[in-house]
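Engineer: Next input, structure requested:
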Amino acid sequence: MSAGALIIRAAKARDLPDLFALYRELNPADPTMHRAHAEERFGAIRAQPGMTVFIGVVGETVAASVTLVVVPNLTRNGASYALIENVVTAADYRQRGYGRALIQYAADAAFKAGCYKVMLLTGSKDPATLRFYENCGFVQDKTGYQIRRPAAGS
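Structural biologist: Numbers count the residues shown, from 1 in each chain. All right, here's what the predicted structure looks like:
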């Protein structure tokens, strides 16, 4: 799929350095992952059925990314559901519709895989971010919770 100059495709191992540059914008405080560990983790992602990292490429630049996870299910007559995570567009490429195009591409892939719903969580309280997700078709009608692993030594 393309949206203007944007080409959307599944990320490949060769895209890892560009993906990490993009993820640095999403989580600037994250430590830099060693290349061997990154390659192992990305291999695990690619081997996981139903899990895809989609990237939006403009020219030679990875401008945006989204991760889609399709989860098999025993309710809803066995219909899977999907999660969208790690939504990020590089600052220089925002306000061009690229993030929306990637989210729509991922949602379409989920529905083609038979999912009955696509969920997305955000930690952002920024009204512009929340409006962005609403403009992508998401409805805030559930309550989300999370629990995180305690810090070492806690």
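
Engineer: tell me the contacts of the closest residue to I7 other than its chain neighbours?
Structural biologist: Excluding its sequence neighbours, the residue lying closest to I7 (Cβ to Cβ, 6 or more residues apart in numbering) is V57, at 4.8 Å. Glycine gets a C-beta too; all of them are placed from N, C-alpha and C. Neighbour list for V57: 6-9, 63 [criterion: Cβ atoms under 8 Å, 6 or more residues apart in numbering].

Engineer: and V57, which of the three is it?
Structural biologist: What DSSP: H, G, I helix; E, B strand; the rest coil gives for V57 is strand.

Engineer: partners of it in the sheet?
Structural biologist: For V57, the beta-bridge assignment (DSSP bridges) gives partners I7, V62.

Engineer: Check L83 too.
Structural biologist: Bridge pairing for L83 - DSSP bridges - gives V69, M119.

Engineer: hmm, back to that, quickly name whichever of the contacts of V57 is closest to R94.
Structural biologist: A63 (9.1 Å; Cβ to Cβ).

Engineer: In this structure the closest one contacts A5, no?
Structural biologist: No. Here A63 lies out of contact with A5, judged by Cβ atoms under 8 Å, at a distance of 9.0 Å.

Engineer: ok now stretch 58-76, how far from the chain's centre?
Structural biologist: Taking the mean of its C-alpha atoms, stretch 58-76 sits 5 Å from the chain's own mean (Cα atoms, centre = their mean, to the nearest Å).

Engineer: Output it as PDB, nothing but the C-alphas.
Structural biologist: Extracted C-alpha coordinates of stretch 58-76, given in PDB (Å, rounded to 0.1, in the frame of the first residue of the first chain):
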ATOM      1  CA  VAL A  58       9.500   7.400   2.400                       C
ATOM      2  CA  GLY A  59      12.300   7.200  -0.100                       C
ATOM      3  CA  GLU A  60      15.000   5.400   1.900                       C
ATOM      4  CA  THR A  61      13.700   6.500   5.300                       C
ATOM      5  CA  VAL A  62      11.700   4.500   7.800                       C
ATOM      6  CA  ALA A  63       9.300   7.300   8.700                       C
ATOM      7  CA  ALA A  64       6.700   5.400  10.800                       C
ATOM      8  CA  SER A  65       6.000   2.000  12.400                       C
ATOM      9  CA  VAL A  66       3.300   0.000  14.100                       C
ATOM     10  CA  THR A  67       3.300  -3.500  15.600                       C
ATOM     11  CA  LEU A  68       0.300  -5.700  15.100                       C
ATOM     12  CA  VAL A  69      -0.400  -8.800  17.200                       C
ATOM     13  CA  VAL A  70      -3.200 -11.200  16.200                       C
ATOM     14  CA  VAL A  71      -4.300 -13.300  19.200                       C
ATOM     15  CA  PRO A  72      -6.200 -16.600  18.800                       C
ATOM     16  CA  ASN A  73      -9.300 -16.700  21.000                       C
ATOM     17  CA  LEU A  74     -11.800 -19.200  22.500                       C
ATOM     18  CA  THR A  75     -14.600 -16.700  22.800                       C
ATOM     19  CA  ARG A  76     -16.500 -15.000  20.000                       C
END
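
Engineer: All good on my end, thank you.
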